[in-house]
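A.B. asks: Structure for the following, please:
(one chain, ligands or ions: 1)
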Amino acid sequence: MNQSLFLESSPTVISKSCEWVGNPQEIKKAEAKPQGYVSLVGAGPNDPDLLTLKALKALQKAQVLVYDRLVGKEILALANPKAEQVYVGKRCGQPSMKQETICALLVKYAQAGKNVVRLKGGDPFIFGRGGEEALELVKHHIPYQVIPGITAAIGCAASSFIPLTHRQVSRSVTFITGQVVTGALPAWAGLVASGQTLVFYMGLEKAASIEQGLIQAGLSPATPVAIIGHGCSTKQTVITFELVELADMAHQQQGLSPALIIMGDVVKLRSQLLQTARVAELQTVFAD
Ligand code: SAH
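C.D. replies: Predicted structure coming up:
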């Protein structure tokens, strides 16, 4: 573990010259307590081979592992076998544990002196509430680090052979959560810049309003779209179609989870890129 990281993260008790400042008695108490810390770790899109080495090292050293629904068994199996594993995701149709409860757990374990790994699907800072958890740790003066992971958009782009940007086709890409999109036109208008790739996380349930909002804001109904289910796994499925069919296609795919929507002219490149692509290992089920 990089010690300097944790020295830097305690500015309230350590002066710039690294001498102790503040109430000596309180500092003694703090020194006597074992100092726990939290690593907010991105597990990537659920392919163990796509973990970073840094994430793997953190998993191997963890004493407590607090993990989500999108983290599979194969990744958990790489963790320190002695680590206490705490599941905080959805359970049999019941909602996930409340965010405040998860934050309180992280604080509790760290204050008990544990090396805690908070393992999340993809990247902790992309629709992963990593920022919220980090703020809570800061509030409690708990040292922490963030280890990035391959976010679903990046993983699925590679595994479905859809480049998110491509010269003369797309100059920018926007990651959007389907969970908060509303019918408000100003929001849609901002997404309709020409040559832009749009990636919707958690978008399947909101497909009808996404289709309607974008078309009303001026995006061509013929814009190519892909839905990628279980990206980067052997269960991966990819279907491609036009924006005007989005609501229907999403309806047909109801229940597919996790699933990502990639939209824009870059989707058209897929059929060409597939020509010599090694898809055998991924078993892409749906034909284009
Ligand atoms: N922090 C995560 C995103 C969490 S939000 C990340 O960076 O990837 C959960 C959403 O991510 C899912 O509803 C889905 O839209 C998307 N997602 C995550 N993993 C995926 C996968 N393997 N294939 C397709 N979509 C995925």
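
A.B. asks: Just want the residue of this structure that's nearest the ligand.
C.D. replies: Here the residue of the chain nearest the ligand is G122; by C-beta to the nearest ligand atom that distance is 1.9 Å. (Glycine included, C-beta is placed from N, CA and C.)

A.B. asks: Which parts of the protein are strands?
C.D. replies: Secondary structure of the chain (DSSP state E): strands located at 37-42, 64-67, 84-87, 115-120, 144-147, 172-177, 196-201, 224-229, 237-242, 259-263.

A.B. asks: I'd like to know which of these lies nearest to A158.
C.D. replies: Closest to A158 of the strands of the chain is strand 224-229 (C-beta to C-beta; 10.7 Å).

A.B. asks: Could you list every helix and strand that that closest one packs against?
C.D. replies: strand 237-242, helix 246-252, strand 259-263 (3 or more C-beta pairs under 8 Å, 6 or more residues apart in numbering; DSSP states H and E).

A.B. asks: what's the most buried one of the ones you listed?
C.D. replies: Burial of those is given as mean neighbour count (mean count of other C-beta atoms under 10 Å); strand 259-263 ranks first at a mean of 25.

A.B. asks: one step back: please name the nearest non-neighbouring residue to the residue of the chain closest to the ligand.
C.D. replies: T151 (4.4 Å; C-beta to C-beta, 6 or more residues apart in numbering).

A.B. asks: What's the per-residue pLDDT of the one you found here?
C.D. replies: We have a pLDDT of 98 for T151.

A.B. asks: which residues touch the closest residue to G131 other than its chain neighbours?
C.D. replies: Nearest residue to G131, sequence neighbours excluded (C-beta to C-beta, 6+ apart): F125, at 6.3 Å. The contact partners of F125, by C-beta atoms under 8 Å, 6 or more residues apart in numbering, come to 131, 146, 148.

A.B. asks: Dump those into JSON lines; add neighbour count as well.
C.D. replies: What follows is the contacts of F125, written out as JSON lines (neighbours: other C-beta atoms under 10 Å):
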{"residue": "G131", "neighbour count": "12"}
{"residue": "V146", "neighbour count": "18"}
{"residue": "P148", "neighbour count": "18"}
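
A.B. asks: ok, back up a step: of all the strands of the chain, which lies closest to P163?
C.D. replies: strand 196-201 (8.7 Å).

A.B. asks: In CSV: the helices and strands packed on strand 224-229, plus distance to Q99 and mean pLDDT.
C.D. replies: Formatted as CSV, these follow (distance: least, C-beta to C-beta, whole Å; pLDDT from 0 to 100):
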stretch, distance to Q99, mean pLDDT
strand 237-242, 30, 97
helix 246-252, 27, 97
strand 259-263, 23, 98
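
A.B. asks: CSV for the ones you listed, including distance to the ligand?
C.D. replies: Below are those laid out as CSV (distance: least, C-beta to the nearest ligand atom, whole Å):
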stretch, distance to the ligand
strand 237-242, 10
helix 246-252, 12
strand 259-263, 4
